[in-house]
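# give me the fold of what follows.
(4 chains)
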2 protein chains.
Amino acid sequence: MTIRSADAERVRNISFFKQADDPTFARAMTGAFLQRFPANTTLLMEGDPVDFLYILLEGAVELGAGWKSKDTTLAILRPVSTFILAAVVLESDSLMSAVTLERSEILMVPGDSLRRSMKEDATFGFAVSEELAGCYRGLVRSIKNHKLRDSTERLANYLLTQRVRQGEKNTIVLPHEKRVLAALLGMTPENLSRAFSKLSDKGVSVEGAHVRFDNVAALERLARPTPLIDNHYAQDCNTKGKAFTERQQGLLDTKSD
Amino acid sequence: MTIRSADAERVRNISFFKQADDPTFARAMTGAFLQRFPANTTLLMEGDPVDFLYILLEGAVELGAGWKSKDTTLAILRPVSTFILAAVVLESDSLMSAVTLERSEILMVPGDSLRRSMKEDATFGFAVSEELAGCYRGLVRSIKNHKLRDSTERLANYLLTQRVRQGEKNTIVLPHEKRVLAALLGMTPENLSRAFSKLSDKGVSVEGAHVRFDNVAALERLARPTPLIDNHYAQDCNTKGKAFTERQQGLLDTKSD
DNA sequence: TGGTGAGCTTGATAAAAGTCAAGGTAACCG
DNA sequence: CGGTTACCTTGACTTTTATCAAGCTCACCA
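Residues are numbered from 1 along each chain as shown, chains lettered A, B, ... in the order given. Got it, this is the predicted structure:
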């Protein structure tokens, strides 16, 4: 198997592999291999059969979809993220396309291995169910974000989420190009610019990828973040003493399918 | 246990219970009870802790969400459907509210029983994973439907889907009030009316809940249905010889969380 | 050093969807 | 049977978002 042990370690730390014991983990990884892709490589097109679970270890991947000459971005993934887990579980065709945005390293795990491990080890299977449930809830959040908020409100909440993740400082660095950010927030680059200028009222100033907050209270008054939509903490969280992961995802952020 | 055997039979036929053996099924149903609710009863509010898996046996339920005085419908469920499965698996709070639209019968299954069965029986656990994966894909379809199509296109595709499900006849009966249908399709009742009149070009005529199609070809030319968005067959389907269920759902139709 | 191009912004315009107000129809009920 | 009510439709208007067309900035490079 062509996997460096450092990579194996990172994969093991993914929520649903963490709970697997060693033999199950080894069996789930049977036939897995690491592959490197340049930027702008299409990994998967809509409708393609899905043979592997993809685990992004380095780089960035955009999940998208198109219809009648329109295109839309469904999620931008950053390491470490898995994608098309749902299609793997169902042995069905992909509903989205996947394209690298940067040079990326991706671990490809054969669907058969994963499904077999799930069927043999109920604990591991349950962990995958938790992962799928978390992904589902991420999409519910996305839909709420889109249907209940206008573009300026979505941007305001995105900025506040980034601020929390980057340590509650009064400046943040945008992790994507603005056109990518616009796609992620479901608007055109033009409207992203306009949304930023609407937020200057609320003490938001932008210079390149740097955003400064001079009046967080005013921004929060507009944004009204809520745990029922915004998942400020993308890492593991704790409920009833049991650790599990529920990632923010889909149109909001990182990690999908 | 207060469950009629006729109801037990219907529950057993739900995709992910069908695959369970009898002892597992019995264990998953430990402590389950049937409850009747009048119309317009709130079963669950956003943010409520979720203690039960809900299985709708009779009636209709709307799943919705709100923010800042706005409200939106995420799905309309019809029997037999489960809901808030994802929250049950994760033992977390509901991200959506659930309200009966009609007098309804609902089987409430304790979350503990379900989770325990999943952890004890890998086959059952895998079946739940398949269900969650199907739900996830239903939401992906919903998002694509919303982001890639305008309201008239969504209506056109909805009508074609109903036509397939109701037997490819040239008339169908709308299964919901128009205002409910509007919510389901993500538009206002006013715009639903306008969308219907835009479709009169394509041979669509409406009288009350009855819709007639006089030029299906023209309608399809506008609607351009695709299996990557529209799931015409809400029932079980077959892939690689193995039966599994992938329901259409979310904003498109029936069945959720 | 001056050109080239990608990314971003700005303004003008157009399309899509929501809002508000009025009216029509049909079922239900006193 | 007349009146109330819920639902649907229609028209005028507003808001939101997308589109198109310039321009601007800045890094990169011949």
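
# check which helix or strand covers A:S197.
Element membership for A:S197 (DSSP states H and E) is helix A:189-198.

# my bad, A:V211
A:V211 belongs to strand A:210-213, assigned by DSSP H and E.

# next one: A:R115
Judged by DSSP H and E, A:R115 forms part of helix A:111-120.

# ok, A:L74 next?
Once you assign secondary structure using DSSP H and E, A:L74 falls within strand A:70-77.

# and that strand, anywhere near chain B?
Yes: remark: strand A:70-77 sits within contact range of chain B at A:70, A:72, A:74, by Cβ under 8 Å from any Cβ of the partner chain. Every C-beta, even on glycine, is put in place using the N, C-alpha and C of the backbone.

# which among these count as buried?
Neighbour counting with 16 or more other Cβ atoms under 10 Å in any protein chain shown marks A:72, A:74 as buried within the residues of strand A:70-77 next to chain B.

# out of the residues of strand A:70-77 next to chain B, who's nearest A:S197?
A:T72 (24.2 Å; Cβ to Cβ).

# circling back to that earlier point, buried ones in the helix holding A:S197?
A:191-192, A:195-196, A:198.

# before we move on, what about stretch A:71-79?
Those would be A:72-79, for stretch A:71-79 by 16+ other Cβ under 10 Å.

# which elements pack onto the strand holding A:V211?
The helices and strands touching strand A:210-213, judged by 3 or more Cβ pairs under 8 Å, 6 or more residues apart in numbering or on different chains; DSSP states H and E, are helix A:151-165, strand A:171-173, strand A:204-207.

# close to DNA strand C, is the shortest one?
No: using Cβ under 7 Å from any atom of the strand, strand A:171-173 never reaches DNA strand C; the gap is at least 12.3 Å.

# and that strand, which strands flank it?
Neighbouring strands of strand A:171-173 in its sheet, by DSSP bridges, are strand A:210-213 (antiparallel).

# for the record, mean pLDDT for the helix or strand just after the partner strand?
Next helix or strand after strand A:210-213 toward the C-terminus (DSSP H and E): helix A:216-223. Averaging pLDDT along helix A:216-223 gives 97.

# re the thing from before, compute the inter-axis angle for the helix holding A:S197 and helix A:216-223.
Relative orientation of helix A:189-198 versus helix A:216-223 (axes from the mean of the first three to the mean of the last three Cα atoms, to 10 degrees): 130 degrees.

# next to DNA strand C, which bits of chain A? Give me the list.
Counting by Cβ under 7 Å from any atom of the strand, the residues of chain A that sit close to DNA strand C are A:177-179, A:189-190, A:192-194, A:196-197, A:206.

# pLDDT and distance to B:E131 added to those residues, as JSON lines?
Shown next, in JSON lines, are the residues of chain A next to DNA strand C (pLDDT from 0 to 100; distance: Cβ to Cβ, whole Å):
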{"residue": "A:E177", "pLDDT": "95", "distance to B:E131": "38"}
{"residue": "A:K178", "pLDDT": "97", "distance to B:E131": "39"}
{"residue": "A:R179", "pLDDT": "96", "distance to B:E131": "37"}
{"residue": "A:P189", "pLDDT": "98", "distance to B:E131": "39"}
{"residue": "A:E190", "pLDDT": "97", "distance to B:E131": "41"}
{"residue": "A:L192", "pLDDT": "98", "distance to B:E131": "37"}
{"residue": "A:S193", "pLDDT": "98", "distance to B:E131": "43"}
{"residue": "A:R194", "pLDDT": "98", "distance to B:E131": "42"}
{"residue": "A:F196", "pLDDT": "98", "distance to B:E131": "42"}
{"residue": "A:S197", "pLDDT": "97", "distance to B:E131": "45"}
{"residue": "A:V206", "pLDDT": "96", "distance to B:E131": "44"}
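
# so which of the residues you listed are also by DNA strand D?
Counting by Cβ under 7 Å from any atom of the strand, A:E190 from the residues of chain A next to DNA strand C sit close to DNA strand D.

# from the residues of chain A next to DNA strand C, which two are the most distant?
A:E177 and A:S197 (18.3 Å).

# rewinding a little: so, in contact with DNA strand D or not, the strand holding A:V211?
No: on the criterion Cβ under 7 Å from any atom of the strand, strand A:210-213 is out of touch with DNA strand D, staying 12.6 Å away.

# how far does that strand sit from the chain's center?
Relative to the centre of its chain, strand A:210-213 is centred 23 Å away, using Cα atoms, centre = their mean, to the nearest Å.

# where does the residue of chain A found nearest DNA strand D land on pLDDT?
Closest to DNA strand D within chain A is A:D150: 3.3 Å, counting by Cβ to the nearest atom of the strand. Listed pLDDT for A:D150 reads 97.

# quick one: contacts for it?
With contact set as Cβ atoms under 8 Å, 6 or more residues apart in numbering or on different chains, A:D150 has no partners.

# phi, psi of it?
A:D150 adopts backbone torsions of phi -80, psi 180, taken as degrees, to the nearest 10.

# what about A:T188, neighbour count?
12 (other Cβ atoms under 10 Å in any protein chain shown).

# number of residues surrounding the closest residue to it other than its chain neighbours?
Nearest non-adjacent residue to A:T188, counting by Cβ to Cβ, 6 or more residues apart in numbering or on different chains: A:A182, 6.1 Å away. Here the number of neighbours of A:A182 (other Cβ under 10 Å) works out to 21.

# residues in contact with A:A182?
Contacts of A:A182 by Cβ under 8 Å, 6+ apart are A:188-189, A:191-192.

# tell me the one of these nearest A:D230?
A:L192 (18.5 Å).

# which element is the residue lying closest to the closest one once chain neighbours are set aside on?
Spatially, and ignoring its direct neighbours in sequence, A:L192 is nearest to A:A182 (4.0 Å; Cβ to Cβ, 6+ apart). Counting by DSSP H and E, the element that carries A:A182 is helix A:178-184.

# quick one: buried residues of that helix?
Within helix A:178-184, the residues that count as buried by 16+ other Cβ under 10 Å are A:180-184.

# and stretch A:51-58, by the same measure?
A:52-58.

# export those as JSON lines, with columns for distance to chain B.
Shown next, in JSON lines, are the buried residues of stretch A:51-58 (distance: Cβ to the nearest Cβ, whole Å):
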{"residue": "A:F52", "distance to chain B": "15"}
{"residue": "A:L53", "distance to chain B": "12"}
{"residue": "A:Y54", "distance to chain B": "15"}
{"residue": "A:I55", "distance to chain B": "17"}
{"residue": "A:L56", "distance to chain B": "18"}
{"residue": "A:L57", "distance to chain B": "23"}
{"residue": "A:E58", "distance to chain B": "25"}
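
# now the stretch 1-150 of chain A against DNA strand C: closest residue?
Among all residues of the stretch 1-150 of chain A, A:K147 sits closest to DNA strand C, at 8.1 Å; criterion: Cβ to the nearest atom of the strand.

# give me the residues contacting stretch A:167-174.
Outside stretch A:167-174, the residues touching it (Cβ under 8 Å, 6+ apart) are A:159, A:162-163, A:166, A:181, A:209-214, A:216.

# just for chain A, where's the confidence low?
Along chain A, segments meeting pLDDT under 70 span A:1-4, A:234-257.
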